[in-house]
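Q: missing the sequence, but the structure's below:
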């Protein structure tokens, strides 16, 4: 089954480069291009893509607002934010808006193609350690309310969410809690379902937002 992709970037050269890379793969296809966020939102509604490559800085509507609109619409499309710098403060805001990860514009062609496949499968693109590094650096630039711990999670699920926020893998969580990895996967799935989170990246953000993990300062 071909993975359908929309590319949103205000630079035609970037859009064209991404199209060449993606269309060269048998299992990937660019079905639409947008030069601004508003157009991207419209294309997602019309074309029903699996993945959106979303630039942050675009005219009319930026990539963050476009991501928020796509997620709010109930679209199943996964958004990959495209940025020039790996510690761009806008990336954290985009993750909070519902993006499933981020890419650097200098990504290698093979890595771009694999990133699209990973996100299309429903997995988070970012390694938890990368997510935490970004949140540690920029949590203070995008403050969010810190409500009490989610009441609908069991004590064990709360432990699992906290450890996800601490950048632990399922294997590491299993070792720390003396559980099987299969059991941890079950708990992770339950956390995502109960908190209505799209993927593991969103779980890390939720752990910070609920005050379960505190960003480092300095």
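A: Structure's in. What do you need? Here the structure is a predicted model, which means the values were calculated and not measured.

Q: you'd agree residue 5 is in a strand?
A: Yes. Assessed with DSSP: H, G, I helix; E, B strand; the rest coil, residue 5 lies in a strand.

Q: What separation do you get for the nearest residue to residue 1 once chain neighbours are set aside and residue 187?
A: Here the nearest residue to residue 1 in space, its sequence neighbours aside, is residue 27; by CB to CB, 6 or more residues apart in numbering that works out to 7.7 Å. Any C-beta I mention is one placed from the backbone N, CA and C, and that applies to glycine too. Residue 27 sits 32 Å away from residue 187, taking CB to CB, to the nearest Å as the criterion.

Q: what about those two, which has more around it?
A: Regarding residue 27 and residue 187, a neighbour count based on other CB atoms under 10 Å identifies residue 187 as having more, with 24 against 12.

Q: Break down the chain into its strands, ranges please.
A: Counting by DSSP state E, residue ranges of the strands within the chain are 3-8, 28-34, 51-55, 78-83, 101-104.

Q: ranking the ones you listed by burial, who's on top?
A: Sort the strands of the chain by mean neighbour count, taking mean count of other CB atoms under 10 Å, and strand 51-55 sits at the top with a mean of 28.

Q: Show residues contacting stretch 97-106.
A: Under the contact criterion CB atoms under 8 Å, 6 or more residues apart in numbering, stretch 97-106 has outside partners 14, 53-54, 64-65, 67-68, 70-72, 78-86, 91, 94-95, 112, 115, 119, 124-126, 198-199, 201-202.

Q: tell me the contacts of residue 112?
A: So residue 112 contacts 18, 21-22, 103 (CB under 8 Å, 6+ apart).

Q: Retrieve the pLDDT associated with residue 65.
A: We note a pLDDT of 93 for residue 65 in this prediction.

Q: My error: substitute residue 72 in the last question.
A: 89.

Q: ok so, going back, pull out the buried members of the contacts of residue 112.
A: 18, 21-22, 103 (16 or more other CB atoms under 10 Å).

Q: pLDDT and distance to residue 182 for these - can I get that in TSV?
A: Compiled in TSV, the buried ones among the contacts of residue 112 are given as follows (pLDDT from 0 to 100; distance: CB to CB, whole Å):
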residue	pLDDT	distance to residue 182
18	94	37
21	94	36
22	96	35
103	80	31
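
Q: before we move on, the earlier item: which of the contacts of stretch 97-106 are buried?
A: The neighbour-count criterion (16+ other CB under 10 Å) marks 14, 53-54, 64-65, 67-68, 70-71, 78-83, 91, 94-95, 112, 115, 119, 124-126, 198-199, 201-202 among the contacts of stretch 97-106 as buried.

Q: In this protein, which residue is most central in space?
A: Computing the C-alpha centroid of the chain and ranking residues by CA atoms, centre = their mean puts residue 100 first, at 1.5 Å.

Q: and residue 212, how many neighbours does it have?
A: Neighbour number of residue 212 under other CB under 10 Å is 19.

Q: And residue 61, how far from residue 52?
A: From residue 61 across to residue 52, the span is 13 Å (CB to CB).

Q: between those two, what contacts are shared?
A: Taking CB under 8 Å, 6+ apart as the contact definition, residue 61 and residue 52 share the neighbouring residues residue 40.

Q: what residue of the protein is the furthest out?
A: Each residue of the chain has a distance to the centre, and by CA atoms, centre = their mean the biggest one is for residue 178: 29.0 Å.
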